[in-house]
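1. got a predicted model here, sequence first, then my questions.
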Amino acid sequence: MYQPVKIAPSILSADFMHLADDIAMIEQAGAAFVHIDVMDGHFVPNLTMGVPLLKQLKAATSLVCDVHLMIDNPLTEIPWFIEAGADLVNVHAEVLTEEELVRAVAMIHEAGCKAAVALKPKTPVSALAPVVADLDMALVMSVEPGFSGQSYIAGSDRKVAEAAALARAAGNEAMLIQVDGGIGEVTAPLVAAAGADVLVCGNAVFKAADPAAALQTVQAAADVARLTALAGGAEA
Ligand code: DX5
Ligand code: ZN
């Protein structure tokens, strides 16, 4: 059965003084996940949010809490974020050896959470190989991590297609592919056609004049592209 593209608004672009209103808005507009960008000032230059905010957010929403750890030491921090209510934990491949990556995914699964591995734009898809058979999701970054509001890096859709092929080859048909960075009405169809299942949107939603309408516009544009690509694939 057709699975619509899921939208994961990134609260990094939300209004922190009215966060509860923004969460209610994205829930009503049809978001599937809420994307929480955790930055440590080391892995990326920026410092953002952490465990106390996640705890309060989790208590206030029924959305999937999707935690994107842009930090140097995920093996130390994973248990904290799981304890605080993460449903899905995204760790970056660049800060872990192969053995540590396997350990991180196992640690997340043992705690009953979903595990995802994120790739910076210059990190090859092959970095997923040690864990691809067990992953719930792979995150293809389409901007350099660190800031919202950047422009989508052209060609990121090719990486989405590569990640989908790697998962299929590993027999992991259920693995979702998430794309993060510069996703809006124009870029969402590119990545959705290439096989993206979950689209992170920061500025495209929260900085729009009508954020709920913007979320639905991105979702509709992505779904048209996904359905068209699927139909093309079926004919080929
Ligand atoms: C960047 C973050 C993204 C970002 C998305 O490091 O991981 O989630 O906030 O924001 P937009 O959609 O504005 O690029
Ligand atoms: Zn993110």
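-> Sure thing, it's come through. Ligands and ions are numbered 1, 2, ... in the order given.

2. quick one: the strands in the chain, in order.
-> 6-9, 33-39, 64-70, 88-92, 114-119, 137-141, 176-180, 198-201 (DSSP state E).

3. for ligand 2, give me its nearest residue in this protein.
-> His68 (3.8 Å; C-beta to the ion). Yep, even glycine has a C-beta here, placed from its N, CA and C like the rest.

4. tell me the contacts of that residue?
-> Each residue near His68 by C-beta atoms under 8 Å, 6 or more residues apart in numbering is listed here: 35-38, 90, 118, 139, 180, 200.

5. what about it, distance to Val95?
-> Going from His68 to Val95 by C-beta to C-beta, to the nearest Å gives 13 Å.

6. next: Thr76.
-> The value you get for Thr76 to Val95, if C-beta to C-beta is used, is 11 Å.

7. kindly report the same for Cys201.
-> As judged by C-beta to C-beta, Cys201 and Val95 stand 25 Å apart.

8. same question, Cys65
-> Counting by C-beta to C-beta - Cys65 and Val95 are separated by 21 Å.

9. of the two, who's got more company?
-> Taking other C-beta atoms under 10 Å, Cys65 and Val95 do not tie; Cys65 has more neighbours (21 against 18).

10. can you tell me the closest non-neighbouring residue to the more buried one?
-> Distances taken as C-beta to C-beta, 6 or more residues apart in numbering put Asp87 closest to Cys65, at 4.9 Å, once the chain neighbours are dropped.

11. residue contacts, that neighbour?
-> By C-beta under 8 Å, 6+ apart, the residues touching Asp87 are 64-66, 113-114.
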